[in-house]
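>>> Pasting the sequence and the predicted model now:
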Amino acid sequence: MGLRPDSESSAGVWVVGAGAPQLRQDQIATEEPLEIRVTAGLQERGGAVPVFRRRGQAKSQRTVAITMRTPGADFELAAGFLYGEGIIRSREEILGISHCADADLDEDKRYNIVQVDLRGGVLPDLAALERHFYTTSACGVCGKASLEALKIRGAPTVAPGPVVDPAVLRAFPEKLRAGQGIFAATGGLHAAALFDAEGSLLALREDVGRHNALDKLVGWALLEGRLPLSGQVVMVSGRSSFEILQKSLMAGAPMVCAVSAPSSLAIALAREFGLTLVGFLRGERFNVYTGLERIRVTVPAGESPAPVAGGAGEV
């Protein structure tokens with residue numbers, strides 16, 4: 001196969017200041033398309049070699065997503081996406097993940113296609129799941145009907161806890177930034193990180209899109225056998241959207257923190273499913289939109305720990 005695309009590239013850039021423009025080489029975050037294909041209806045021969053099912057049970061293959069991403073951790077991204085969409089329920093349902101080996105494709109394009117083979121007996125309705133859409137590096141737009149869709153899909157019940165000290169949360173942004181190696185070089189990537197209740201950084205993934213970074217993080221946890229993310233905290237750079245909360249919920253994370261603001265639908269999802277949602281986590285203060293009971297604070301007498309609809313508590 002051809003060269004695997006790198007997470008970084010370089011480009012010439014004119015730097016314009018007070019004096020004459022200066023030409024220099026800058027490190028740039030790479031953005032490439034990734035096609036995720038799923039094959040179901042396979043049987044395993046000898047526990048290893050997949051063969052096609054026969055007698056009316058032929059294999060079924062579909063492209064379920066095309067997303068613009070930063071190359072790297074592609075298998076985790078694919079696994080995390082499939083888990084978040086409810087296509088798979090556990091890592092045991094995956095027979096194998098590989099880059100495309102299609103000889104008809106140029107070698108440098110094969111790394112932009114990931115093939116996920118599902119084990120025999122795992123037969124999702126791929127025709128219904130197929131999505132002919134183009135997902136940009138910004139988070140997708142969802143309607144309020146998506147809350148009901150999550151219930152129908154079987155979103156997990158989030159376990160109580162943990163209770164996290166505010167000082168632990170305030171340290172997250174610095175730890176997030178310190179772990180962003182590619183961002184430090186390019187200034188052009190988002191990150192999703194997983195922390196425990198004591199503030200230890202467990203894992204971090206970067207991507208040009210927040211939703212991709214979170215898919216990579218969830219995919220890592222899935223493939224490592226660490227789901228659900230009970231008692232742990234997801235932290236994302238930038239804002240928190242419905243899609244970020246959806247993926248966190250499906251992974252069983254009880255708390256989601258973001259550097260910037262949440263959307264209205266993100267707040268609605270967090271309230272509906274009992275998640276703690278923290279926004280504007282930077283400096284000495286942050287906002288708690290839902291689930292204040294997971295923050296170790298003393299609520300003033302006569303006040304409810306649950307913010308009124310449309311409101312947020314400030315810590």
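On my side now, so go ahead.
>>> drop to CA atoms for contacts and neighbour counts, all remaining ones
OK.
>>> Where does residue 230 fall, secondary structure wise?
Using DSSP states H and E, residue 230 falls within no helix or strand.
>>> now swap in residue 193 and tell me
strand 190-196.
>>> Who are the packing partners of that strand?
Under the contact criterion of 3 or more CA pairs under 8 Å, 6 or more residues apart in numbering; DSSP states H and E, strand 190-196 touches strand 201-207, helix 210-223, strand 232-236.
>>> For the second one, which helices and strands make contact with it?
On a contact count with 3+ CA pairs under 8 Å, 6+ apart, helix 210-223 meets helix 74-84, strand 190-196, strand 201-207, helix 242-250.
>>> Pairing partners for the second one, with directions?
Pointing back at strand 190-196 there. strand 201-207 (antiparallel), strand 232-236 (antiparallel) (DSSP bridges).
>>> which residues sit against that strand?
176, 180, 183, 201-210, 213-214, 217, 231-238 (CA atoms under 8 Å, 6 or more residues apart in numbering).
>>> can you check stretch 226-234 too?
Contacts of stretch 226-234 (CA under 8 Å, 6+ apart): 158-162, 192-197, 221, 248, 251-257.
>>> Residue 258 contacts residue 237, doesn't it?
Yes. Using CA atoms under 8 Å, residue 258 is in contact with residue 237, at 5.8 Å.
>>> okay, those two: which has more neighbours?
More crowded of residue 258 and residue 237, by other CA atoms under 10 Å: residue 258, with 26 against 22.
>>> which residues touch the residue nearest the centre of the chain?
The centroid of the chain falls nearest to residue 214 when counting by CA atoms, centre = their mean (1.9 Å). Residues in contact with residue 214 (CA under 8 Å, 6+ apart) are 80, 191, 192, 193, 205, 236, 244, 247.
>>> Now tabulate the residues you listed in a markdown table and tack on distance to residue 100 and neighbour count.
What follows is the contacts of residue 214, written out as a markdown table (distance: CA to CA, whole Å; neighbours: other CA atoms under 10 Å):
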| residue | distance to residue 100 | neighbour count |
| --- | --- | --- |
| 80 | 18 | 28 |
| 191 | 26 | 27 |
| 192 | 27 | 29 |
| 193 | 28 | 27 |
| 205 | 23 | 29 |
| 236 | 30 | 28 |
| 244 | 28 | 25 |
| 247 | 26 | 21 |
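>>> out of these, who's nearest residue 87?
residue 80 (10.2 Å; CA to CA).
>>> Dump the helices and strands packed on strand 190-196 to CSV, plus distance to residue 26 and mean pLDDT.
Shown next, in CSV, are the helices and strands packed on strand 190-196 (distance: least, CA to CA, whole Å; pLDDT from 0 to 100):
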stretch, distance to residue 26, mean pLDDT
strand 201-207, 18, 96
helix 210-223, 23, 97
strand 232-236, 25, 98
